[in-house]
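Colleague: Kindly generate the corresponding structure for this input.
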Amino acid sequence: MSPASATVIVVIGILGLFWLDRDATLRTSAALWIPVAWLAIACSRPVSSWFSVGSSEITVDQFVDRVMDGSPTDRLVFTCLLAAGIVVLLGRTRQVGNILRVNRLIVFCFLYFAVSLSWSDYPDVAFKRWTKLVGDFVIVLIVLTDREPLAAIKRLLARLAFVLIPLSILFIKYYPQSGTAYSQWTGGTIYLGVTTNKNTLGVICLCLGLGASWRILTIYGDRGVTGRVRRLIAQGVILAMTLYLFRLMNSMTSLSSFLMALCLLLAMRSRVAVQSPAVIHLLVASMLAVSVSVAFLGLSPDMLRAMGRNPTLTERTMLWGNLLGLVQNSWFGTGFESFWLGPRLGEMWRRSGFVVNEAHNGYLEVFLNLGWMGVALLATVIVTGYRKAFSTWRTNGLKADLSLTYFFVGLVYNFTEAAFFKIQGPAWLFFLLAITSVPTNSSEAVRTPQPDFLSSIGTLSQEQEQSA
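Modeller: The predicted structure follows:
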């Protein structure tokens, strides 16, 4: 089949998925397209890279300069999206104020990151990155302040999955010059899809695959809903495509995270967990303990070999040792998103012999940029986020399970990849969506515990259905 014919078939298939998943009862605002565009870029590749031509071979100094300068095209696109998002939120000031009030810890983190710019070696570059991080929060706020937030979550996941997953398969199969690459170590094929590296493709399969799994479980449970079968077909196709991509690529972090998160999602739907919620505590603790033991303590080298990894986690442990040797201020770090800038970036490339611009461990990445103060903030976010997510799952059951699942993904994914506070990173964006609380109403925003977004959304939807 020619690439042109395959493209036509895939486009028709994408339109068919949207048709199968249609739901006239969902009423979302047109502003939802702003988060869709923002996340679509974050989950694929920068706009400038779609139009780039010529050789990708660059020197160390050229790479450092490119990171420092950024792309004017990308900067313009994100500035326009951010400006549009702020305009939308200005029309929702009451809802935004309520959400900010119950998420003071997240707001404090963002403010602390801004203060850390003062000790960055490159405050101008770090400020641009901090602005994009604020943009991530703006995008989350647009989704959670939509007229029907639960519908907005469903449509956001559907619009991303229905486009990115099929197109990734199309690129790999029929446009290999864009959808694949070759490993500089093994010479084997690396599958990129619509992204620029296999890890990004892995994380979008992880996040969107879990979203499709959640939709399948939710739709299957709604026996009397109209169009149940066709929606199950649409989500089932996406899940099947996701599993196919997992089979093609060699992204063990994303695959193992997906399998563990899927087990957690299924467990939260079980009668045993509903009757004994402590089972979820035990399951989460067990999976985290196993992950740490296998990845860092070397308790099961056979399991690592079965996953195609060696005890160094593909040289990650050697990288971590080199990074710790470059830390100068262990209390405050180098400033927000400032470690991988300037001479340090070039030095790490020369030491490792290949392009490296992250620590491949989210907890270490936070330490490098923000020191022990940043690690303490992250620990507070994790403890608070888990407590809220678990308590709201206990009281709202099925309405909070996706939130707790994405929260768990954020914890385990960061063992071997860096995603915490990572600007425009898919794993970070879904983690931020999971930890951002939404008050059930303005009067309860101050005096009641903060519920997580899915549970409160479910409560609002039930109230609207009853009033109708």
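Colleague: what's the weakest-modelled helix or strand in the chain?
Modeller: In the chain, the helix or strand scored least confidently by mean pLDDT, DSSP states H and E is helix 444-447, which has a mean of 34.
Colleague: I'd like to know how many residues surround residue 379.
Modeller: Neighbour count for residue 379, taken as other Cβ atoms under 10 Å: 12. To be clear about C-beta, it is placed using only N, CA and C from the backbone, and glycine gets the same treatment.
Colleague: The helix or strand where it lies packs against which elements?
Modeller: Using DSSP states H and E, the element containing residue 379 is helix 362-396. When contacts are defined as 3 or more Cβ pairs under 8 Å, 6 or more residues apart in numbering; DSSP states H and E, helix 362-396 packs onto helix 104-116, helix 278-296, helix 316-324, helix 401-413, helix 426-435, helix 453-467.
Colleague: and that helix, what's its mean pLDDT?
Modeller: Rounded to a whole number, the mean pLDDT of helix 362-396 is 90.
Colleague: from here on, count from 55
Modeller: OK, 55 is where the count begins now, so the last one is helix 416-450.
Colleague: Between helix 480-489 and that helix, find me the angle.
Modeller: Counting by axes from the mean of the first three to the mean of the last three Cα atoms, to 10 degrees, helix 416-450 points 40 degrees away from the direction of helix 480-489.
Colleague: Pull out the buried positions in helix 416-450.
Modeller: By neighbour count, with 16 or more other Cβ atoms under 10 Å as the criterion, the buried positions of helix 416-450 are 416-425, 427-429, 431-432, 435-436, 438-440, 442-447, 450.
Colleague: what angle separates it from helix 158-170?
Modeller: If you take the same axes, to 10 degrees, helix 416-450 sits at 160 degrees to helix 158-170.
Colleague: before we move on, back to that, using a markdown table, please lay out the helices and strands packed on helix 416-450 together with mean neighbour count, mean pLDDT and distance to residue 93.
Modeller: Output for the helices and strands packed on helix 416-450, formatted as a markdown table (neighbours: other Cβ atoms under 10 Å; pLDDT from 0 to 100; distance: least, Cβ to Cβ, whole Å):
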| stretch | mean neighbour count | mean pLDDT | distance to residue 93 |
| --- | --- | --- | --- |
| helix 158-170 | 16 | 96 | 19 |
| helix 332-350 | 15 | 90 | 26 |
| helix 370-378 | 16 | 76 | 27 |
| helix 455-467 | 26 | 92 | 13 |
| helix 480-489 | 25 | 93 | 6 |
| helix 507-521 | 17 | 42 | 16 |
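Colleague: could these go into JSON lines alongside distance to residue 292?
Modeller: Output for the helices and strands packed on helix 416-450, formatted as JSON lines (distance: least, Cβ to Cβ, whole Å):
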{"stretch": "helix 158-170", "distance to residue 292": "30"}
{"stretch": "helix 332-350", "distance to residue 292": "25"}
{"stretch": "helix 370-378", "distance to residue 292": "31"}
{"stretch": "helix 455-467", "distance to residue 292": "15"}
{"stretch": "helix 480-489", "distance to residue 292": "16"}
{"stretch": "helix 507-521", "distance to residue 292": "20"}
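Colleague: for those helices, which one sits closest to residue 130?
Modeller: helix 480-489 (20.8 Å; Cβ to Cβ).
Colleague: Centre of the chain to that closest one, how far?
Modeller: In terms of Cα atoms, centre = their mean, to the nearest Å, the centre of helix 480-489 is set 5 Å apart from its chain centre.
Colleague: returning to what we had before: relative to residue 88, which of the helices and strands packed on helix 416-450 is closest?
Modeller: Comparing the helices and strands packed on helix 416-450 by Cβ to Cβ, helix 480-489 comes nearest, at 13.2 Å.
Colleague: right, and residue 373 touches residue 413 too?
Modeller: Yes: counting by Cβ atoms under 8 Å, a contact exists between residue 373 and residue 413, whose distance comes to 7.1 Å.
Colleague: Can you pull the residues that touch both of these two?
Modeller: Shared contacts of residue 373 and residue 413 (Cβ atoms under 8 Å, 6 or more residues apart in numbering): none.
Colleague: coming back round to it: ok and the helix holding residue 433 relative to helix 455-467, angle-wise?
Modeller: Following the same axes, to 10 degrees, one obtains 160 degrees for the angle between helix 416-450 and helix 455-467.
Colleague: What values do phi and psi take at residue 387?
Modeller: According to degrees, to the nearest 10, the main-chain angles of residue 387 amount to phi 70, psi -160.
Colleague: any idea how far residue 332 is from residue 346?
Modeller: In this structure, residue 346 and residue 332 are 21 Å apart, going by Cβ to Cβ, to the nearest Å.
Colleague: can you tell me the helix or strand for residue 405?
Modeller: Assignment of secondary structure by DSSP H and E places residue 405 within helix 397-406.
Colleague: export that helix as PDB, just CAs?
Modeller: Coordinates of the C-alpha atoms in helix 397-406 are reproduced here as PDB (Å, rounded to 0.1, in the frame of the first residue of the first chain):
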ATOM      1  CA  PRO A 397      28.800  24.500  30.300                       C
ATOM      2  CA  ARG A 398      27.200  21.700  32.400                       C
ATOM      3  CA  LEU A 399      25.200  20.500  29.500                       C
ATOM      4  CA  GLY A 400      28.200  20.400  27.200                       C
ATOM      5  CA  GLU A 401      30.300  18.700  30.000                       C
ATOM      6  CA  MET A 402      27.800  15.900  30.500                       C
ATOM      7  CA  TRP A 403      27.700  15.300  26.700                       C
ATOM      8  CA  ARG A 404      31.500  15.000  26.600                       C
ATOM      9  CA  ARG A 405      31.600  12.700  29.600                       C
ATOM     10  CA  SER A 406      28.800  10.400  28.400                       C
END
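Colleague: Thanks again, I'm all set now.
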